[in-house]
Each structure stands twice: as C-alpha cells, then as structure tokens.
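Engineer: sequence plus the predicted model coming up.
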Amino acid sequence: MDRGSFSSGEPIYITLINLGNTPVNIGSWCVVDLNGRVVYSIEPPQIIINPSSSFVVVWFQFDSDGKPVGRGRYRIVWRPVVDGNTLECFSAVFEIS
C-alpha cells in the first residue's frame, strides 16, 4: 500500500515484497481489524516470490462472505513460507473512510 487512507469501495493494491535472500512461497494473507478479527482471508495458489521481487494482490473491501466492509482501521497480515517455516508479517494500519 502506498498510503494510509482509502475511500469506501476503492480497490486497495497490496504489494508483498521479498526482502530476504531466499525465495518465499506467497502463503496466505488476510485483512484484520484492530481487534485482530479476520475480516477477509485467502490462500492463493502456490506462487514463489524470488529475492528482491514482489507480488501485488488487490483487496476490493469485501469480507470473506462477499459483503462490503465498513469504515474503520485495518491491517494486512501476510504469512509467507520460507524453507518450510511460516512467517508472519504485518502492514502498517490503514483507514477506510
């Protein structure tokens, strides 16, 4: 994400970046509210991100049931897999208004 605030209904482009020196499996990613409740979750196909590379995903502000999410503050949780180990990475908090 290149900013911290988005309008309701606006697609949010999320760039997953491999800053390490080993390829990573994209793993899963989800959107959580500030209480840690998972709003949206997806486990994409087996995609590898090479070192110093990135992969862009888009969230259209729908929850896992296909309903629009409300205004609020959220963050992305990405769980890449590196050498068989699942890591947990968090984005900065962003707001939907």
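Structural biologist: Structure received.

Engineer: quick check: residue 62 touching residue 70?
Structural biologist: No. Between residue 62 and residue 70 there is no contact under CB atoms under 8 Å: 11.5 Å. For the C-beta atoms, the positions are set from N, CA and C on the backbone; glycine is no exception.

Engineer: more crowded one of these two?
Structural biologist: Comparing residue 62 with residue 70 by other CB atoms under 10 Å, the one with more neighbours is residue 62, at 14 against 11.

Engineer: separation between the more buried one and residue 42?
Structural biologist: Separation of residue 62 from residue 42 (CB to CB, to the nearest Å): 11 Å.

Engineer: then residue 53?
Structural biologist: Plainly put, residue 53 is 20 Å away from residue 42 if you go by CB to CB.

Engineer: and for residue 75?
Structural biologist: 15 Å.

Engineer: follow-up on the earlier one: got any residues that touch both of residue 62 and residue 70?
Structural biologist: Shared contacts of residue 62 and residue 70 (CB atoms under 8 Å, 6 or more residues apart in numbering): none.
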